[in-house]
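Q: Give the three-dimensional model of this entry:
(chains A, B, C and D, ligands or ions: 8)
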Amino acid sequence: MACEPFDIANVPGPAALGVVATPEAMASVVSSARRPLLVVGSEILRDDFYLDVAIEIGRKGIPIAATGHSIKGFVQKGYTDNVHIINLHELTNCLRDPEWRGLDGGGSYDVVIFFGILYYYASQMLSCIRNFCVRPLMRAISIDRYFHPNAAMSFPNFRPKDEDKYKEMLKKFVENIRR
Amino acid sequence: MACEPFDIANVPGPAALGVVATPEAMASVVSSARRPLLVVGSEILRDDFYLDVAIEIGRKGIPIAATGHSIKGFVQKGYTDNVHIINLHELTNCLRDPEWRGLDGGGSYDVVIFFGILYYYASQMLSCIRNFCVRPLMRAISIDRYFHPNAAMSFPNFRPKDEDKYKEMLKKFVENIRR
Amino acid sequence: MAKGILDVAGLENVRIFIGEVAEEEEEWEPMGPHPKPGITTLRNWDFKLLQRYKPFYAPFCDMCCLCTYGKCDLSGNKKGACGIRMDAQQGRIVLLACLIGCTAHAGHARHLLHDLIRKFGRDAPIDFGPEIAVEAPLTRLITGIRPKTIGDMEEVLDYIEEQIVQLSDALHTGQEGSFLDFESKALHMGMLDSLAKEVADIIQIAAYKLPSSHPGGGPDVPLVEVGLGTVDTSKPVILVIGHNVPPAADIADYLMEHGLEDAVELAGICCTAHDTTRYYPKAKIVCALGRQLRAIRLGIADVIVVDEQCIRADIVELAQKTFTPVIATNDKALHGLEDRTYDEPDKVVKDLVEGKVPGVLILDPERVGEVAVKTAMQIAPKRRAMKIIMDDEEFQRWVRLCYQCGNCTLACPNGLRIGSAMAKAATGDTKPLAELFDLCVGCGRCEQVCKRHIPIVDVITKAAYPYVRQERGKARVGRGPVWDTEIRDVGAPIVLGTIPGVIAIIGCGNYPNGTRDAYLITKEFADRNYIVVLTGCMAIDAALWKDEEGRGVYETHHGRFDAGGVINIGSCVSNAHIHGACIKIASIYARRNLRGNYEEIADYILNRVGACGVAWGAMSQKAASIATGFNRLGVPAVVGPHGTKYRRAYLGRPDIEDDWKIIDARDGTEYRFEPAPQHLLVACETVEEALPMIAKLCFRPSDTDRGRSIKLTHYIDLHEKYLGCLPPDWHLFVRTATDLPIARREELLKRLEDEHGWKIDWERKRILEGPMRPYDPSFDPTNLPRLIRKKKE
Amino acid sequence: MAKGILDVAGLENVRIFIGEVAEEEEEWEPMGPHPKPGITTLRNWDFKLLQRYKPFYAPFCDMCCLCTYGKCDLSGNKKGACGIRMDAQQGRIVLLACLIGCTAHAGHARHLLHDLIRKFGRDAPIDFGPEIAVEAPLTRLITGIRPKTIGDMEEVLDYIEEQIVQLSDALHTGQEGSFLDFESKALHMGMLDSLAKEVADIIQIAAYKLPSSHPGGGPDVPLVEVGLGTVDTSKPVILVIGHNVPPAADIADYLMEHGLEDAVELAGICCTAHDTTRYYPKAKIVCALGRQLRAIRLGIADVIVVDEQCIRADIVELAQKTFTPVIATNDKALHGLEDRTYDEPDKVVKDLVEGKVPGVLILDPERVGEVAVKTAMQIAPKRRAMKIIMDDEEFQRWVRLCYQCGNCTLACPNGLRIGSAMAKAATGDTKPLAELFDLCVGCGRCEQVCKRHIPIVDVITKAAYPYVRQERGKARVGRGPVWDTEIRDVGAPIVLGTIPGVIAIIGCGNYPNGTRDAYLITKEFADRNYIVVLTGCMAIDAALWKDEEGRGVYETHHGRFDAGGVINIGSCVSNAHIHGACIKIASIYARRNLRGNYEEIADYILNRVGACGVAWGAMSQKAASIATGFNRLGVPAVVGPHGTKYRRAYLGRPDIEDDWKIIDARDGTEYRFEPAPQHLLVACETVEEALPMIAKLCFRPSDTDRGRSIKLTHYIDLHEKYLGCLPPDWHLFVRTATDLPIARREELLKRLEDEHGWKIDWERKRILEGPMRPYDPSFDPTNLPRLIRKKKE
Ligand code: SF4
Ligand code: SF4
Ligand code: SF4
Ligand code: SF4
Ligand code: SF4
Ligand code: SF4
Ligand code: SF4
Ligand code: SF4
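A: Ligands and ions are numbered 1, 2, ... in the order given. Purely as a prediction, here's the structure:
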């Protein structure tokens, strides 16, 4: 099922079959990924809760690319183990190269999770991934509070008053990741 | 529910919330219309069945705009009572004018039914109606074998081998029109 | 006196650099009111047209994505973040299309002029022979310049380029807000487009001595071979593709200089094909754009030379698959290839023949011939040993692999039902597949979505192969300008209506129903004594069909610009000669002043010259600007159904009386008049619908009763033939009984009486009451109050 | 000798018309290798850039809708019907954006030149005072022309227009197939854009005597008032909007001639505001583009005069709502209004004042002043009697009507959460709504989707009204060209790196985080002794914030082109002086030949001039072409997050060693080098991220150790300040211990040893092993093998 993009006119085309997915479904994609990557942006600094979610995912062994100025939060929390500072443009540019050595030298990723990234910047980067990371196929999912037609899977749009519901979804997502 | 447009890249934008509708639902819109109009194009000449469908609709008192060279079929069938020859571009141009006197002098229409029109020509005219016939609102529905995102309602895409299913749908549509 | 340095005696220390030297300015005609018009100069004329033929918009997309405020959702005529509304945005996109189209022509013209001046000098004379005195009607009309040499066209291009930039500026976010003004700008762009085309064609005719009115030109141009089946692949084959002839001309020169005319095939696609045959009639026209992909895939070319426009963007990738090296010759289309212009030719040839590089750039046309010919000759034997065409077994394997998923149909711009044809072929019946060959526009979109990776285009081509090998027709070589002497002969019959119309069949081949349409339209009108002129892809496609006796339209009809003629004018840029012919009718036949007098001439043409453009397969941005240029000059056009994707039409509303007022220039009386012509731009769904529409758009207020009666005859006849009945609006065009078709006068008078309530004097067979205006043979219609000669008291 | 007719004695019958007369051609500098480059001339340079900074594409749309074969679905890098792939299509769209941007500048320049020549003559001298000898660095560099009068710029524009048309041609269906060649063309377009801007600004400086190096110019330009709160609405207010100053200058002239300077307010939005203050410092700068809608809605203007670019497309409709008549003055933006240029001014004024017409066209700038001033003066009393601003009651009604449906948020380009702010306001807390004022870009998209028809923009403005009324700042007037004498002083420190960089803050205001960013970036770098130059909307927005003591950045920092300066260069076209400053460093400080020598100078700048553009709110097509023009000249740029919608970035990959090779021109030795600069175009998500990125993009291979140490200090410091930690890549920039920030040398050496395994000689505090290249103060870096002076044996 699709949904209205958070930016109403963000209608990229027929292949943008982004679907609204349950946290469980997304977690299962992440769980079965060969090399997943969590990409976080500045919006995780809105609230400690989000930072904690990211750290929890990181603790499950999923490396974190800290884009925007999100690294600031990790530093403050004292969690920087598998956190790599990189600009989102730079990161996406690397992702489209199947030969890329990865943030840790272990090669590129097959599933990337976008989290806390400004909607339209994220959308453009997801578009790059969807259009150019096809051989091998890379799947990008968004766990932001927006529907992202350019992501393979994302949540629906949440209103400010539904923030709690969104947090519930995130919790479920994290719980269900098995690695 | 939406569906893939028959021309895959025919993705006009967010407001193109064309829905796949049942023949009954479409018939009910037509039944409750103040002034409906059936617009037929050259593809009704593919098969007598379609011509007969159009004539049956015409017999229910719904005037017919015969575009393309579809008039030829009506003439051959000897049914020309409420059939008006007009080019589809010309007709749509009139439709966008709320002051238009109509094909019979009775004023413009509130529901137009597209039938047997080349997909992309129909799509463009439906786009004009959707974008510009907003005050007062005109609803355009398509009973062609294509999904039309620019129509308010249309059928899904039918494959050649599903022609019979499509014919069934048309029959139901006609049966359910009450005027 | 040439450009240069002048030392003036007595002024020893002053050296005068002389740029433009005008010869003693011979006042060949007084300057009209609007030389080198700017954006607003002809705005009033545009607004007149736009008021009668209101822009109609069918958005192809609801969104605008032109700046980073976007995407903006404009649906329901909403405004974007910059404040633009959907209607203005559509006008903006139309202007954008016309910009791209016009710059394609103007860019080509400028590039060509540089090359031609380098080769032939600025002073190469524009001399089109004894029958052509008005050598450059659009140039004279728009700029007020009468060019004598190709160098004189520099000033014309300066003007065009300046205006283009001004118009393009208006596309920026936060500029024009009115759709009417966007349209006026698009019309201005269309006019510039027509002028650029004239420049391009005139300089190449002048420099290369292409057909004009020198011996062998005009109606006497030779026939050339057209069709996929005409290429003799036993010889090395050079395939030229594009629109800019110098590289192809250089190849022809090389062949002639080295006596290789019979040893090497020179064949072309699209307009370069036309122009090559105008220079070298041994060249063959393989096909129009729609067959390009298939021609390349068939592997007939040993070397492909591309210049600019209408070249497949994946040309290098495609050519690689058939081991065909590519020589790119134009900076518009470099395809990432390496520039080898000034390398040793033999080294370049070696690299190409050995497949070390997929292709090269050779940007100096005079260095293309040697490399192309040598490469073709050396690589041909190697390539002949390769298997390129699919064999029967492979064909069967593919058609069986198809599981009728329908993806290809959804991807196909024409919605062709490929799957079911494959299924039929799997059972042994290849006919449905073969029939797709002519319906297909060769775009290749289907193949990319086939999950089974079926090379659909090749499979269709294979099914149609027997037909393809026989695809051979003949076309007259593009003849370029219509002769002044021809105009003298046909001016009166056209204006009076007794030659019922000039039908200009132009543009690309984005057809829903195959090349047959091009043939049918041509034949139907030529048989009815219209003058049929063709250019570009249509001129090629129309040659592919034959009558029962196996003769094509160029063979069955004469090539004079006269009733019943079927004339290949030439390439896309030769379209300008169609404008030229209309303008010359005003100037030569009607003796209107030409110079800087666009508005008056356009008004004349709109009211009196029953010409109608048909861009049945209009695809490109050029087609958009071409049509818009015809429209500003008062020539209506009919497009095929894909043409609705241009988003805009110019449609008249006969039911709105106020839109149809015209002035009699004799005394200023205003009349309501018949919708003649009814539209400036309209799409038809099918060719059956188009035929009577084209005939209808040839009506003009100036028609005499005899002319009107002839036009009405054809309009009614075509309507009855293809739509099965009388047209619903034939009576609108009746002013007097003698307007009626002679053979059916009685019947139609009866209908006027019965169906329309007109009063008829049956005794004298005259109409007493009914028509919206009286018929007056000396009616002098105009839309321009300033042309009223004497105000009525 | 002027243009004209020359009668030569002894040649009585020959009249020589003299066009261009060159004075004795003073060989001011030998011509370089590339005067007036064409599409392919600098392709090798482009390919060098594109090989290191590979185009990165993020499609904004998967489809192409440019011809009637479409729409084509290109997703997954599929090909369209013409054979184009997604990557090439993105390059094509980038070229299209640059085309529109470049034609906006070039069209403006040409239009302006026509007007200025008419008013001041072709011979109006280009004389920028004692401190400026290199008057037109881009013109000299690109065309090889040294202009002496404004008329000399005609030839420059001819060149630009010709090239633009050539490039636009390449957009046509079936042209370029390679994304690299589309990018090379975009870079060419960007270069033309820079040149067009220079022409536009130079001729207006020359003609109107705007600030240059005559007394009162340069660092000594006055301060002017900026902000919505600065307009004195007790007087009649004329609001000028756009980019083309002649109509505004005419208004200023009229005010001055009639002693009305204190009776009438002349205020402006966008670049016309800048240029008006350059001419008439009593004028006020109301705001940048982002506040335009709100400024109009506030009804402060009694008459609005628009020229071209960045004007709301719905200006007439908006102005109608506040009873403000509109005078449109430019043929790019006619808005469907009637042309009243040559009407009796008083008649026009009467019609406007009485509201008979919503606006008029006055296309001759010299006829605008009278009408605008009289209209404003006559209509002001009438308008003062009207209620335009919403009252408190109405405000409460609206905020209560909101039912938090969220439609506005989905429509808002910045996703602003309007509904919840409305809800808060309904409970009496208007702060959240008021806070939206500076986050909002004033596009109005929200209002159109509100089912309750809430005038959201007005509601927000009302909530912020107390703040709005106080929005008052000061900006230095746009000073135009940097002085040659300033370059002499800063050339060395910039190239050596001791002035750590030139930060050019330019472009539009499509910000996610308010105008505060513009201020913050300016202040952060100026405080660190970078040279900060600003233009256009950014130069306006940066003036709106203040430090704790209430002083703006223009007040706290000097206006010299020197360390710590904050310089308003001027309008968008004044950007050319930033290029100019970089070029002059190469020419004046480093004595490189300038004339026709683009490639070498760009190479010089890329390797040595630590300049970085910041287009934080880049919105328009002009911003696209401006950035691309900087990039071709070797200047990197950082854009804000909306900038990703331009679809393309130029990103370096430090992890790919082969991409980072550079030659020492002394002997041709090739070195692997640090990524300096790392990108040519990159977007940052937040200003916190952008600040260290900007600092990083100021590294250059030519930095001396002292310079490098200063640059590294700021890079590290900004990273720590805004991102909380050391940057991950600081070590890449260390060649020797003296490159390290002095204060932290020890600590960082330790880190190099521990974290990166470098070998340190702790005794002498030297690095023994680790850096990718040695530090050599006389290293002469280049990317051009032809510049190697003496090949190594
Ligand atoms: S206008 Fe074209 S490119 Fe833009 S969003 Fe629509 S389909 Fe896509
Ligand atoms: S140009 Fe206007 S409508 Fe188009 S994206 Fe930009 S703001 Fe929106
Ligand atoms: S996409 Fe391929 S498999 Fe599917 S119907 Fe077409 S040809 Fe057959
Ligand atoms: S190549 Fe032919 S069959 Fe295939 S999508 Fe194009 S038009 Fe349709
Ligand atoms: S007619 Fe159209 S497709 Fe054919 S060559 Fe001309 S522009 Fe190209
Ligand atoms: S230009 Fe090419 S990709 Fe775009 S619509 Fe036309 S055929 Fe398709
Ligand atoms: S006007 Fe402001 S709040 Fe409304 S959509 Fe635009 S940016 Fe958002
Ligand atoms: S669209 Fe209107 S009603 Fe809905 S949340 Fe926004 S302001 Fe409130």
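Q: what's the neighbour count on residue 91?
A: Went with chain A since none was named. Counted by other C-beta atoms under 10 Å in any protein chain shown, the residues lying close to A:Leu91 total 19. Where you see a C-beta, it was placed from the backbone N, CA and C, and this is true even at glycine.
Q: you looked at the wrong chain, it should be chain C
A: For C:Gly91, the count of nearby residues is 27 (other C-beta under 10 Å).
Q: Could you double-check that it lies in contact with C:Phe179?
A: Yes - using C-beta atoms under 8 Å, C:Gly91 makes contact with C:Phe179 at a distance of 4.0 Å.
Q: where do the contact lists of the two overlap?
A: C:Pro55, C:Tyr57 (C-beta atoms under 8 Å, 6 or more residues apart in numbering or on different chains).
Q: contacting residues for residue 72?
A: Using chain A. By C-beta under 8 Å, 6+ apart, the neighbours of A:Lys72 are A:Leu45, D:Glu688, D:Tyr722, D:Leu723, D:Gly724, D:Cys725.
Q: ah, no, chain C please
A: Counted by C-beta under 8 Å, 6+ apart, C:Cys72 has contacts A:Ala9, C:Met63, C:Cys64, C:Lys78, C:Lys79, C:Gly80, C:Ala81, C:Cys82, D:Arg445.
Q: where do the helices sit along chain A?
A: Assigned by DSSP state H, the helices in chain A fall at A:23-31, A:48-59, A:71-77, A:88-95, A:119-132, A:163-176.
Q: Please see if the helix ranked longest in chain C touches chain D.
A: With secondary structure taken from DSSP H, chain C has its longest helix at helix C:86-120. Yes - Helix C:86-120 lies within reach of chain D by C-beta under 8 Å from any C-beta of the partner chain, at C:Ala88, C:Ala97, C:Leu99, C:Ile100, C:Gly101, C:Thr103, C:Ala104, C:Ala106, C:Gly107, C:His108, C:Arg110, C:His111.
Q: Out of those, which is nearest to ligand 2?
A: Each of the residues of helix C:86-120 next to chain D was checked against ligand 2 using C-beta to the nearest ligand atom; the closest is C:Ala88, at 9.5 Å.
Q: Count the residues that sit near the closest residue to that closest one other than its chain neighbours.
A: Using C-beta to C-beta, 6 or more residues apart in numbering or on different chains and skipping residues adjacent in sequence, the residue nearest C:Ala88 is C:Phe179, 4.5 Å away. C:Phe179 has 24 neighbours, counted by other C-beta under 10 Å.
Q: got the contact list for C:Phe179?
A: C:Phe179 neighbours (C-beta under 8 Å, 6+ apart): C:Pro55, C:Tyr57, C:Arg85, C:Asp87, C:Ala88, C:Gln90, C:Gly91.
Q: Now the phi/psi pair for it, please.
A: Here is the backbone geometry of C:Phe179 (degrees, to the nearest 10): phi -60, psi -30.
Q: now C:Gly652
A: The phi/psi pair for C:Gly652 (degrees, to the nearest 10) is phi -90, psi 160.
Q: Between the residues of helix C:86-120 next to chain D, which sits nearest ligand 8?
A: Using C-beta to the nearest ligand atom, the residues of helix C:86-120 next to chain D come closest to ligand 8 at C:Ala88, 24.3 Å.
Q: since we're on that closest one, how many residues are nearby?
A: C:Ala88, neighbours per other C-beta under 10 Å, totals 27.
Q: my guess is it meets C:Gln175, correct?
A: No - using C-beta under 8 Å, C:Ala88 is not in contact with C:Gln175, being 10.1 Å away.
Q: mean confidence for stretch A:74-84?
A: Stretch A:74-84 carries an average pLDDT of 96.
Q: Residues touching that stretch, excluding its own?
A: Stretch A:74-84 is touched from outside by A:51-52, A:54-55, A:58, A:61-66, A:71, A:103-104, D:723-725, D:728, with contacts defined as C-beta under 8 Å, 6+ apart.
Q: follow-up on the earlier one: next, show the common contact partners of C:Ala88 and C:Gln175.
A: Joint contacts of C:Ala88 and C:Gln175 (C-beta under 8 Å, 6+ apart) are D:Ala313.
Q: C:Thr329 versus C:Asp364, what's the distance?
A: When distance is defined by C-beta to C-beta, to the nearest Å, C:Asp364 is 8 Å away from C:Thr329.
Q: When those two are compared, which one has more neighbours?
A: Applying other C-beta under 10 Å to C:Asp364 and C:Thr329 shows that C:Thr329 carries more neighbours, namely 27 against 14.
Q: Can you show me the helices along the stretch 201-350 of chain C?
A: Here the stretch 201-350 of chain C has its helices, by DSSP state H, counting those that start in this stretch, at C:246-257, C:270-279, C:292-297, C:315-321, C:345-353.
Q: so what's C:Gly177 closest to, chain neighbours aside?
A: Nearest to C:Gly177 is D:Ala313, by C-beta to C-beta, 6+ apart, at 3.7 Å.
Q: Likewise for C:Tyr646?
A: In space, C:Tyr646 comes closest to C:Ala624 once its chain neighbours are excluded; the distance is 5.4 Å by C-beta to C-beta, 6+ apart.
Q: Dihedrals phi and psi, that neighbour?
A: Dihedral angles (degrees, to the nearest 10) for C:Ala624: phi -60, psi -50.
Q: number of nearby residues for it?
A: If you count neighbours by other C-beta under 10 Å, C:Ala624 ends up with 35.
Q: circling back to that earlier point, name the next helix or strand downstream of the longest helix of chain C, please.
A: Later in the chain than helix C:86-120, the nearest helix or strand by DSSP states H and E is helix C:137-143.
Q: from the residues of helix C:86-120 next to chain D, which is closest to D:Glu548?
A: C:Ala88 (46.6 Å; C-beta to C-beta).
Q: In contact with the closest one, which residues?
A: Counted by C-beta under 8 Å, 6+ apart, C:Ala88 has contacts C:Glu176, C:Gly177, C:Ser178, C:Phe179, C:Phe182, D:Ala313.
Q: Can you get me a residue count around the first one?
A: Just to be clear, that refers to C:Glu176. Counted with other C-beta under 10 Å, C:Glu176 comes out at 31.
Q: doesn't D:Asp331 make contact with it?
A: No - using C-beta under 8 Å, C:Glu176 is not in contact with D:Asp331; the gap is 9.5 Å.
Q: Residue 87: what's it in contact with?
A: Assuming you mean chain A. Under the criterion of C-beta under 8 Å, 6+ apart, the neighbours of A:Asn87 are A:Thr67, D:Val682, D:Cys684, D:Glu689, D:Met693.
Q: Chain C is the one I meant
A: So C:Asp87 contacts B:Phe132, C:Pro55, C:Tyr57, C:Asn77, C:Phe179 (C-beta under 8 Å, 6+ apart).
Q: Could you measure from whichever residue of chain A sits closest to ligand 2 over to ligand 1?
A: As assessed by C-beta to the nearest ligand atom, ligand 2 sits closest to A:Ala9 within chain A, at 8.4 Å. As defined by C-beta to the nearest ligand atom, to the nearest Å, A:Ala9 lies at a distance of 8 Å from ligand 1.
Q: If you check chain A against ligand 8, which residue is the closest one?
A: A:Arg159 (9.1 Å).
Q: Near that residue, how many other residues are there?
A: 16.
Q: How about it: what's its closest non-neighbour residue?
A: D:Gly406 (5.4 Å).
Q: Near the one you found, how many other residues are there?
A: Around D:Gly406 there are 21 residues (other C-beta under 10 Å).
Q: Please apply the same query to C:Arg764.
A: Neighbour tally, C:Arg764, other C-beta under 10 Å: 9.
Q: Roughly how far does the residue nearest the centre of chain A sit from D:Pro728?
A: The residue lying closest to the centre of chain A (C-alpha atoms, centre = their mean) is A:Phe114, at 1.3 Å. The gap separating A:Phe114 from D:Pro728 is 21 Å, by C-beta to C-beta.
Q: quick one, what contacts the residue nearest to C:Ala464 when sequence neighbours are not counted?
A: Of all residues not flanking C:Ala464 in the chain, C:Phe437 sits nearest, at 3.6 Å (C-beta to C-beta, 6+ apart). By C-beta under 8 Å, 6+ apart, the contact list for C:Phe437 reads C:Ile460, C:Thr461, C:Ala463, C:Ala464, C:Tyr467, C:Val468.
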